[in-house]
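Undergrad: Return a 3D structure for these sequence lines:
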Amino acid sequence: MTQFELSIEFLEEVRTAVAAKDANKIKFMIDELYPADITSVLYELDTNECKYLFGILDKEVAAQILSYIDEDTRTKFLKNFASKEIAELLEFVDSDDAADILNEQPLRMRDEVIGFIANKEKAQNIQDLLRYEEDTAGALMAKEFVVASWNWNVKHCIEEIRTQTANMEKLYTVYVIDDTEALVGHVSLKKIILANDSTKVATICEKDVLYVETWMSSEEVADIMQKYDLDSIPVVNVQKKLVGMITIDDVVDIIKARQELDRQAMAGITEDIEEDDSVWMLTRARLPWLFIGMCGGLVGAWFIGLFEKNLVLIPAMAFFIPLITATGGNVGVQSSSIVVQSLANRTFFAQNLMYRLLKVLLVGLVNGLVLSAFVFLANWSLGQPLPLAAIVS
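TA: Numbering: from 1, shown residues only. Below is the predicted model:
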């Protein structure tokens, strides 16, 4: 299947079908689309259109779409649903995504939805996740994972894998625990398949396993998984008992969010904002650094005023003021980008501060000399007097 591209014609056709309540035509149009593609269609529809289209979808597909929608939009959208309807959708959502969705809802609705969830084990798993602080490994983890006791043989392990993965979409690895349910290692599917039925799991599991604890920040988890190129990582409590698993798709969301914050910081935006936020929020996020920039401009104007007599004697020097200020602005953008990048590196603060300052000073000096020579040669080639070219450069 080729990649779906949303066109105006397709969107208008969907809107017409929704207005006519033609469920069969809508299902035919979106039958071969991935949930992520259907999500992009929903973003272009109004609330009533979304509600109708969402209502005719298969519950499992609708649940996937619900987990794809961004937080602010999802919170507004779910106001149109009863608690029982939300509970029916969460039956098809992983426990970590379900906990994230419920965390966005009022406390009363949260309790009602959990009460309506038919799968009581899933409801308990969601409740367990809700008690962890936001942006921690505990809040990020899922309770759907495959676990094997080190006392089992391979035949028993395979039977348990079949049972435990019945409601799971993906199987990343099999974690091994001891008699106290403490994590002792992990074993790959390849080793399980190649081993004899009577082989003990303890003899084929890898005991050198990386793990995170429930209290660790989500950014620490993302750093560990990036560093060691992991698809998943187990989560343990303070007793080192296995309580969950974090997968790469959850970490990608964290990395993207962090990159977005870095971009906004480099652009001089002080809050995490979106284009559809209110005027007040957009203004509040932009004003602080605009004020700082304005103060810098006023200081620059005052400094130029100190050379008013020189500018009167040689007015041509004023022509080069925009050149100098523009270059200063470009240097500032480059410097802020490098600073933000360095702050994201945990080894930044461990390095010698004086060495870094001298290095930055040397870079600035070399760049200044190169640009100065370029400006001098440009002015000289254009026929400007040599004294003026020397002063400007």
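Undergrad: switch to C-alpha atoms for all contacts and neighbour counts from now on
TA: Will do.
Undergrad: all helices of the stretch 1-150 of the chain, in order?
TA: Applying DSSP state H, counting those that start in this stretch to the stretch 1-150 of the chain gives helices spanning 8-19, 23-30, 35-42, 47-55, 59-68, 71-77, 83-90, 95-103, 107-116, 120-130, 137-140.
Undergrad: Comparing those helices, which comes out most buried?
TA: Most buried of the helices of the stretch 1-150 of the chain, by mean neighbour count (mean count of other CA atoms under 10 Å): helix 137-140, with a mean of 28.
Undergrad: Y211 reaches V238, doesn't it?
TA: No - using CA atoms under 8 Å, Y211 is not in contact with V238, being 12.0 Å away.
Undergrad: So the two - more neighbours on which side?
TA: Y211 (20 against 9; other CA atoms under 10 Å).
Undergrad: need the contact list for that one.
TA: With contact taken as CA atoms under 8 Å, 6 or more residues apart in numbering, Y211 is in contact with I233, P234, V235, V236.
Undergrad: for the stretch 251-393 of the chain, what spans make up the helices?
TA: With DSSP H, counting those that start in this stretch, the ranges of helices along the stretch 251-393 of the chain come out as 279-305, 308-313, 321-343, 353-381, 386-392.
Undergrad: Is K190 inside a helix or a strand, and which specific one?
TA: Using DSSP states H and E, K190 sits in helix 189-194.
Undergrad: domain parsing for this protein?
TA: What automatic domain parsing lists as the domains of the chain is 8-139, 146-256, 307-392.
Undergrad: what's the distance between the residue lying closest to L45 once chain neighbours are set aside and D72?
TA: Using CA to CA, 6 or more residues apart in numbering and skipping residues adjacent in sequence, the residue nearest L45 is R15, 7.7 Å away. Computed as CA to CA, to the nearest Å, the R15 to D72 distance reads 23 Å.
Undergrad: Quick check: N237 touching A182?
TA: No - look at N237 against A182 with CA under 8 Å: they stay out of range, at 9.2 Å.
Undergrad: which one is E60 nearest to, not counting chain neighbours?
TA: F92 (5.6 Å).
Undergrad: List the contacts of the one you found.
TA: So F92 contacts K59, E60, A63, Q64 (CA under 8 Å, 6+ apart).
Undergrad: thinking again about what came up before, next one, pLDDT for the residue nearest to L45 please.
TA: With respect to pLDDT, R15 has a value of 91.
Undergrad: Ok, D253 next?
TA: According to the prediction, D253 has pLDDT 79.
Undergrad: Could you report the distance from it to S67?
TA: Taking CA to CA, one finds D253 at 12 Å from S67.
Undergrad: circling back: return the member of the contacts of F92 nearest to L377.
TA: L377 has its nearest neighbour among those in Q64, at 62.3 Å by CA to CA.
Undergrad: Relative to A378, how far out is the closest one?
TA: 60 Å.
Undergrad: Switch the helices of the stretch 251-393 of the chain over to CSV; also include mean neighbour count and mean pLDDT.
TA: Below are the helices of the stretch 251-393 of the chain laid out as CSV (neighbours: other CA atoms under 10 Å; pLDDT from 0 to 100):
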stretch, mean neighbour count, mean pLDDT
helix 279-305, 13, 77
helix 308-313, 12, 72
helix 321-343, 13, 71
helix 353-381, 13, 82
helix 386-392, 15, 75
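Undergrad: The ones you listed: which one's closest to Y172?
TA: Counting by CA to CA, Y172 lies closest to helix 321-343 out of the helices of the stretch 251-393 of the chain; the figure is 31.9 Å.
Undergrad: Settle this for me: I86 is touching E112, isn't it.
TA: No - contact between I86 and E112 fails when scored by CA under 8 Å: they sit 9.7 Å apart.
Undergrad: Let me see the confidence value for the residue nearest to E60.
TA: pLDDT, F92: 90.
Undergrad: Renumber starting at 41 from here on
TA: Sure, I'll start numbering at 41, so the last one becomes F132.
Undergrad: Help me confirm that P274 is found in a helix?
TA: No - applying DSSP: H, G, I helix; E, B strand; the rest coil, one finds P274 to be strand, outside a helix.
Undergrad: number of nearby residues for it?
TA: Other residues close to P274 by other CA under 10 Å number 25.
Undergrad: now do T239
TA: 15.
Undergrad: and it, what is it in contact with?
TA: With CA under 8 Å, 6+ apart, T239 has these contacts: N193, V194.
Undergrad: quick one: it and N193, what's the gap?
TA: 5 Å.
Undergrad: I figured I157 was touching A163, is that so?
TA: Yes - taking contacts as CA under 8 Å, I157 lies within contact range of A163: 6.1 Å.
Undergrad: for the closest residue to S228 other than its chain neighbours, what are its contacts?
TA: The shortest distance from S228 to any non-neighbouring residue, by CA to CA, 6+ apart, is to T213 (5.7 Å). The neighbours of T213, taking CA under 8 Å, 6+ apart as the test, are V186, H226, V227, S228, L229.
Undergrad: Out of the residues you listed, which end up buried?
TA: V186, H226, V227 (16 or more other CA atoms under 10 Å).
Undergrad: and the second one, helix, strand or coil?
TA: Same thing as H226. strand.
Undergrad: For burial, what's the neighbour tally of the nearest residue to it once chain neighbours are set aside?
TA: Using CA to CA, 6+ apart and skipping the chain neighbours, the partner closest in space to H226 is Y215 (4.2 Å). Close neighbours of Y215, defined as other CA under 10 Å, add up to 24.
Undergrad: Now do the contacts for Y215.
TA: V186, V187, A188, L223, V224, G225, H226, V227, P274.
Undergrad: Okay then, goodbye and thanks.
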